[in-house]
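In: Give me a model of this one.
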Amino acid sequence: MTGKIYPQKGGKKLNPSTKLSEIILVNGEIVKNLSYSEAVKKLKAGDVVIKGANALDYKNRTAGVYIGSSMGGTTGKFLPYVVARKAYLIIPIGLEKLIAGNVVELSKKMRSPMKSLNKIPSMFLLSGEIVTEIEAINILAGVSAFQAGAGGIGGAEGGVTLILRGSKNQVDKALNIVEGILGEPLFVE
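Out: Sure, this is the predicted structure:
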């Protein structure tokens, strides 16, 4: 995991651990002897890159990803290849990352030097296939989903409330999928 965002004060931090490398798949199989840097150089039209983000402008179907590295981080390595070679970018991002405004304007504001409590990174803009909880449940169960709320307490701080519409079978399938992931353990305890 890279680009971790921690609270300025309090909260829990991850224990130091060995960094896991990116996962490179070729024809659905993990390729262990191909580095990330070499894999991006081999991208071609139709290949898929999956990259999460930090900010979601759902209305404009655009996302932003923080860049803390002066070299552009992982996004700076793959984005030129994705664009130039017409690879397909999938952006899985939770609705808790929804921002109030336009991510393009936010990105411009983040380019200016500023004072902050913690280091404010710059932001790359990502355009690709946005996949939130809404799209995921549609892909998996064929239902239409609408966000009706967000947040909570006791572990539901990043949760969302969705209204589902579809046939009885589709809604039942969606509910079974969701019930299967409820109670997922905390990432950091």
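
In: Pull the contacting residues for the residue most central in space within the chain.
Out: The structure's the chain has its C-alpha centroid closest to G52; by C-alpha atoms, centre = their mean the separation is 2.5 Å. Counting by C-beta atoms under 8 Å, 6 or more residues apart in numbering, G52 makes contact with 65, 91-93. (Glycine included, C-beta is placed from N, CA and C.)

In: Please identify which of these is nearest to V31.
Out: Lowest distance from V31 to these (C-beta to C-beta) belongs to P92, with 21.2 Å.

In: Do you have the helices of the chain handy? List them.
Out: Taking DSSP state H as the criterion, the chain carries its helices at 36-41, 73-85, 103-109, 133-141, 168-181.

In: Relative to N60, how far out is L34?
Out: 35 Å (C-beta to C-beta, to the nearest Å).

In: Sorry, wrong one. I was asking about S107.
Out: Distance from S107 to N60, counting by C-beta to C-beta: 12 Å.

In: do A39 as well
Out: 30 Å.

In: repeat for I134
Out: For I134, the distance to N60 - C-beta to C-beta - is 15 Å.

In: picking up where we left off before, in terms of neighbours, single out the busier of A39 and N60.
Out: In this view A39 and N60 are compared by other C-beta atoms under 10 Å, and A39 has more residues nearby, 20 against 13.

In: what is the mean pLDDT for stretch 30-37?
Out: Here stretch 30-37 scores 88 as its mean pLDDT.

In: and what of stretch 154-165?
Out: So the average pLDDT for stretch 154-165 ends up being 89.

In: Make residue 1 into 44 and carry on from there
Out: Will do, 44 is the new start, and the previous item becomes stretch 197-208.

In: For it, buried residues please.
Out: 202-203, 205, 207 (16 or more other C-beta atoms under 10 Å).

In: ok, now stretch 96-110?
Out: For stretch 96-110, a neighbour-count test (16+ other C-beta under 10 Å) marks 96-101, 105-110 as buried.

In: Domain map for the protein?
Out: The chain breaks down by automatic domain parsing into domains covering 77-174, 175-225.

In: Including distance to V69, could these go into a markdown table?
Out: Shown next, in a markdown table, are the domains of the chain (distance: least, C-beta to C-beta, whole Å):
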| stretch | distance to V69 |
| --- | --- |
| domain 77-174 | 8 |
| domain 175-225 | 23 |
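
In: List the contacts of the residue nearest to P135 when sequence neighbours are not counted.
Out: Nearest residue to P135, sequence neighbours excluded (C-beta to C-beta, 6 or more residues apart in numbering): V174, at 4.9 Å. Contacts for V174 (C-beta under 8 Å, 6+ apart) come out as 133-136, 182.
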